[in-house]
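**Student:** 3D, please:
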Amino acid sequence: MGHEIRDDDDMFALGVVNSLFAIQLVRFVEIEFALRAERDDLDIDNFCSINALTAFVRRKQNHAAD
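**Tutor:** Numbers count the residues shown, from 1 in each chain. This next block holds a predicted model:
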């Protein structure tokens, strides 16, 4: 890569993440955090940055706790 990614950096815009890696990332998040990404969750805004991923996981965990 050659550069540091900040928590708010859009990994798609930087070219760090492509569509194949995005699928792998979704699957990793599902396994790592024991959650299920539904069709409506598969929005690039949920996975474009570290902060977006964190917010997505927290929302899913909070929803599961309800």
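**Student:** contacts and neighbour counts: CA atoms only from here.
**Tutor:** Fine.
**Student:** So which residues of this structure form helices?
**Tutor:** Under the criterion DSSP state H, helices of the chain are mapped to 19-32, 44-47, 50-65.
**Student:** what's next to the longest one, contact-wise?
**Tutor:** Going back to what we said before, that points to helix 50-65. R6, D7, D8, D9, V29, F33, L35, D45, N46, F47 (C-alpha atoms under 8 Å, 6 or more residues apart in numbering).
**Student:** The same query, at a cut-off of 6 Å, please.
**Tutor:** D7, D8, N46, F47 (C-alpha atoms under 6 Å, 6 or more residues apart in numbering).
**Student:** which parts of it are buried?
**Tutor:** Using 16 or more other C-alpha atoms under 10 Å as the test for burial, helix 50-65 gives I50, N51, A52, L53, F56, V57, K60.
**Student:** now do the shortest one
**Tutor:** By neighbour count with 16+ other C-alpha under 10 Å, helix 44-47 contains the buried residues N46, F47.
**Student:** Please report the distance of L42 from M11.
**Tutor:** Noted for L42: a distance of 16 Å to M11, by C-alpha to C-alpha, to the nearest Å.
**Student:** More neighbours: which of these two?
**Tutor:** More crowded of L42 and M11, by other C-alpha atoms under 10 Å: M11, with 18 against 13.
**Student:** how near is the more buried one to R36?
**Tutor:** 22 Å.
**Student:** Could you do K60 as well?
**Tutor:** Distance from K60 to R36, by C-alpha to C-alpha: 8 Å.
**Student:** Equivalent analysis for D45, please.
**Tutor:** Distance, D45 to R36, using C-alpha to C-alpha: 17 Å.
**Student:** and which of the contacts of helix 50-65 is nearest to Q24?
**Tutor:** F47 (11.3 Å; C-alpha to C-alpha).
**Student:** Just give me the residue right at the centre of this protein.
**Tutor:** F47 (3.0 Å; C-alpha atoms, centre = their mean).
**Student:** show me the residues around that one that make contact.
**Tutor:** L53.
**Student:** 8 Å instead?
**Tutor:** By C-alpha under 8 Å, 6+ apart, F47 lies in contact with A22, V26, L53, F56.
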